[in-house]
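Engineer: got a predicted structure here, sequence first:
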Amino acid sequence: MKIVYMGTPEFAVPPLVKLTESGYPVALVVTQPDKGRDRGQKVKFTPVKEKAVELGIEVIQPERIRGNEEFIERIRQINPDLIVVAAYGKLLPMELLGIPRLGCINIHASLLPKYRGAAPIHRSIIDGEEITGVTLMYMEEGLDTGDIIASRSTQIGKKTTAELHDELSAMGAELLVEMLPDIIKGTNSRIKQDESKATYAPMIGKQDELVDFSRSPEEIERLVRGLNSWPVAHTIYKGAPMKLWEVEALDETTDVPAGTIIEVSSRGIKVAAGGRALLLKKIQMPGKKSMAVSEYIKGNKIDVGEVLG
């Protein structure tokens, strides 16, 4: 039994660790090329590469996969029984998908067919979903369209994207090793996705980060949770970006213009939003760390009457 593992960010680390802990031989790890440098100007490894090196597993980092015959031939030479993918970052071509005898399986951070695509965790929170989860699925050329092997769900509640990310990553790792015996024997389920229920979760863009205070406090609260800890929602205060790390929807009405600062106290900054009030509880100004408003106002002034945005 030989496995090739493909993944790149932190989300993909727990499944790799779980595979090795469970005794499954990972012959090769494929991850995206290293990007950027740390403050010491050393090349910063992808999280998956860092863990694979620690585990003593060979790592390759092709610039591209589609049309890369050298890479495809390398995988053919390894002749893996299975390719496991978790947040690799690129669609896999059919010439790769057809190599392993047991197929290619993917851990996706949503309950498919909902939230196919790049940002399912962010979007499920922002959209106000009550439940999300992970899906283990067979891969095909389409974007997260393959047959479902199994899924697990969890309540979203008031979780942030950072919290849900870690929970779903661990859940996906557990689901993977739970289902592998059946996948190896060929006795696992294969459930076609219902295309009529498919939704998409496009990548978060700059346009998603700026808070619109004409929206309801609940919508803004979900946006702030959905963009915590990356890329972080923000507004503009006196020409400078103010990142919003934690807010609370208040059951108070107001007739002042949206975005107007109504009150500043140790509880936070009360702002008009959608005809009601929103409390900004944790913020970050340029050059400063994120902090509770109660701490920030000890050495800085926030003016009542200013309009954010």
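Structural biologist: Arrived safely, thanks for sending.

Engineer: backbone dihedrals for Y5, please?
Structural biologist: phi -110, psi 130 (degrees, to the nearest 10).

Engineer: which strand runs longest in this protein?
Structural biologist: For the chain, the longest strand by residue count, based on DSSP state E, is strand 240-253.

Engineer: what pairs with that one, parallel or antiparallel?
Structural biologist: strand 233-237 (antiparallel), strand 276-284 (antiparallel) (DSSP bridges).

Engineer: name the residues that touch whatever helix or strand comes next after it?
Structural biologist: For strand 240-253, the following helix or strand on the C-terminal side (DSSP states H and E) is strand 261-265. By CB atoms under 8 Å, 6 or more residues apart in numbering, the residues outside strand 261-265 that reach it are 254, 256, 269-272, 277, 293, 297, 302-308. Glycine gets a C-beta too; all of them are placed from N, C-alpha and C.

Engineer: do stretch 244-254 as well
Structural biologist: By CB under 8 Å, 6+ apart, stretch 244-254 touches 211, 216-218, 220-221, 224, 228, 232-235, 262, 268, 270, 272, 275-284, 290.

Engineer: select only the buried ones of those residues in ChimeraX?
Structural biologist: This is the ChimeraX syntax for the buried subset of those, where burial follows 16 or more other CB atoms under 10 Å:
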select :211,217,220,221,224,228,233,234,235,262,268,270,272,276,277,278,279,280,281,282,283,284,290
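
Engineer: end-to-end on stretch 282-295?
Structural biologist: 9 Å (CA to CA, to the nearest Å).

Engineer: and that stretch, how far out from the chain middle?
Structural biologist: Counting by CA atoms, centre = their mean, to the nearest Å, stretch 282-295 is centred 24 Å from the centre of its parent chain.

Engineer: look up the closest residue to the residue lying farthest from the centre of the chain, ignoring the ones flanking it.
Structural biologist: Of all residues in the chain, D255 sits farthest from the chain's C-alpha centroid, using CA atoms, centre = their mean; the distance is 37.0 Å. Distances taken as CB to CB, 6 or more residues apart in numbering place G275 nearest to D255, at 7.4 Å, with adjacent residues excluded.

Engineer: what's the per-residue pLDDT of that neighbour here?
Structural biologist: Listed pLDDT for G275 reads 97.

Engineer: in what helix or strand does the residue nearest the centre of the chain lie?
Structural biologist: Nearest to the mean C-alpha position of the chain, by CA atoms, centre = their mean, lies I121 at 5.0 Å. Per DSSP H and E: I121 is located in helix 120-126.

Engineer: and L16, by the same measure?
Structural biologist: Going by DSSP H and E, L16 is part of helix 13-21.

Engineer: now that helix: buried residues?
Structural biologist: 13-16, 18-20.

Engineer: can you give the distance from the following helix or strand past that helix to the centre of its chain?
Structural biologist: Once the chain leaves helix 13-21, the next helix or strand it forms, by DSSP H and E, is strand 26-30. Remark: strand 26-30 is offset 23 Å from the chain centroid, using CA atoms, centre = their mean.

Engineer: angle of strand 26-30 against helix 13-21?
Structural biologist: Per axes from the mean of the first three to the mean of the last three CA atoms, to 10 degrees, the angle that strand 26-30 makes with helix 13-21 is 160 degrees.
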